[in-house]
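[1] just coords:
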């Protein structure tokens, strides 16, 4: 709380003063990710267990070969959340009584999310899963499509499900 008085001259009838109160709060939370990048001529992942690729980019110049029990490929999100609140009031008093009254209040909320795409790309992509493949907000692409429209033409290979 702020209190101030001003006295003009020697006559007490010129006495003036003001009282004000201000307060504000601000909070912020942020989660930031950076994708890991793996680049090679050929990438081979062979395991009898599950394979999870999250927040990463795999880029092979020639072949990307994955042989696994279950494959889970997912992207990550950057998140930002902020809240700001403020308020204030003031009262001005002069020789003739109350000569000003003020009040202010403000509120701001921000909430944003940005997806960092997880991708697996190669000239030829071969994926063999024994059970299940799950893509969540991610990309698997064969770059040598041989087709101006980006159609697969047999370069993205995954065995048929039973």
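    Sure, I can see it. Note that this is a predicted model, so its numbers are computed, not measured. Numbering: from 1, shown residues only.
[2] hey, let's count contacts and neighbours off CA atoms from now on
    OK.
[3] can you name the residues bridging to residue 93?
    With DSSP bridges as the criterion, residue 93 is bridged to residue 17, residue 98.
[4] pLDDT score for the nearest residue to residue 52 once chain neighbours are set aside?
    Residue nearest to residue 52 in three dimensions, not counting chain neighbours: residue 72, with 4.7 Å by C-alpha to C-alpha, 6 or more residues apart in numbering. At residue 72, the pLDDT value in this model is 96.
[5] and for residue 99?
    According to the prediction, residue 99 has pLDDT 81.
[6] check residue 151 too.
    Residue 151 is assigned a pLDDT of 63 by the prediction.
[7] same question, residue 1
    According to the model, residue 1 carries a pLDDT of 60.
[8] swap in the one 10 residues further on?
    According to the model's per-residue confidence, residue 11 sits at a pLDDT of 57.
[9] check residue 147 too.
    With respect to pLDDT, residue 147 scores 66.
[10] how about the strands in the protein?
    For the chain, applying DSSP state E gives strands covering 2-7, 15-31, 36-46, 51-54, 56-74, 76-94, 97-116, 118-122, 124-136, 138-142, 156-157.
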